[in-house]
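[1] Make a model of this:
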Amino acid sequence: MRMCAGKLTQRLKMEEEISSSATPSPERRLRPRQQRGVEMSDTSSTSSPVRRGAVRGRGRGRPAGRRGARGGRGGGRGQRGGHIGDVAAAALQDRQRNLRARIEEMSDTSRKELLMKTGDKHPSLLLDLIDQEAPQGGFHPVPGGESPSWCSCLMCRDMPTQIERICCGRPPNQCQSQLPDFQLLILDELVLTIAQIYRQDVLALPQDEDYNKGKRYAAYRQFILWHHGRLGVGVRRIIPSCCTWAIRDKYPNQYGQYIGFIPSRLG
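    This is a model prediction of the structure:
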């Protein structure tokens, strides 16, 4: 009996040791989870462990402060040189200076050849320049005179009809005809030439034979488009006196004959 009891006791001890070795301890059960969490969440280029979903940025892949780094549109525009009209006016002055410098560098023979080529291409322009010293007829008041009573910008001149006697409404020394945008969009030869080519191409019109007349009418259309936008059929607007005479001074008629404003028949 004693031997049987001893064997039973030894067997029970052996079963307890086997069961204890097969069941992992709480510490051993936690280690694989901790290691697995580090391996699955470490997706960055750094070696520090980061848990998945622990950090949520404002945008995926966007660095902090990106919106502030772009800055506003207006700030960059001012840094590039100010108002676009002033930049364009400076460019026009540079172009005129370069043209004068190139003409000064030419010989007398080259200048004569240039005049002959200009006369062949634009005879009306050359004739207007040759006859510019002749007395003007018609109605073309010279600039620098006394402005009418209905003028506020001090740049207007008298007009032949009452309906045309309007001013731009701006204060003195701020006349609309003196703005850099006006000098570029309304009076510049290259801008008017592009407008003429576009109009002739769309409407299938012939080229203007009278250089000054073509540029003058193109400047009228440019002003209406710039100041009023696209008008409907039969809708007409009066150009202020100051702007009208600025256009006519740049592209005058040899005899001072101008049609003036014609009201629409549609009312």
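[2] Quick check: residue 198 vs residue 126, distance?
    For residue 198, the distance to residue 126 equals 25 Å [Cβ to Cβ, to the nearest Å]. Backbone N, C-alpha and C define where each C-beta goes, glycine included.
[3] now do residue 250
    From residue 250 to residue 126 the distance is 16 Å (Cβ to Cβ).
[4] And for residue 178?
    Counting by Cβ to Cβ - residue 178 and residue 126 are separated by 29 Å.
[5] Which elements pack onto the one helix or strand residue 201 maps to?
    Assessed by DSSP states H and E, residue 201 sits inside helix 189-203. The elements that helix 189-203 packs onto, with contact taken as 3 or more Cβ pairs under 8 Å, 6 or more residues apart in numbering; DSSP states H and E, are helix 211-228.
[6] any idea of the mean pLDDT for the helix it packs on?
    For helix 211-228, the mean pLDDT works out to 93.
[7] Can you name the residues in contact with that helix?
    By Cβ atoms under 8 Å, 6 or more residues apart in numbering, the residues outside helix 211-228 that reach it are 122, 124-125, 128, 181, 185-187, 189, 191-192, 195-196, 199, 207-208, 231, 237, 239, 243, 247-248, 250-253.
[8] Compare neighbour counts for residue 198 and residue 126 and give me the winner.
    Using other Cβ atoms under 10 Å, the more surrounded residue of residue 198 and residue 126 is residue 126, with 16 against 10.
[9] Pull the contacting residues for that one.
    Residues in contact with residue 126, defined by Cβ under 8 Å, 6+ apart, are 115, 118-119.
[10] For it, give its distance to residue 105.
    To residue 105, residue 126 is 22 Å away according to Cβ to Cβ.
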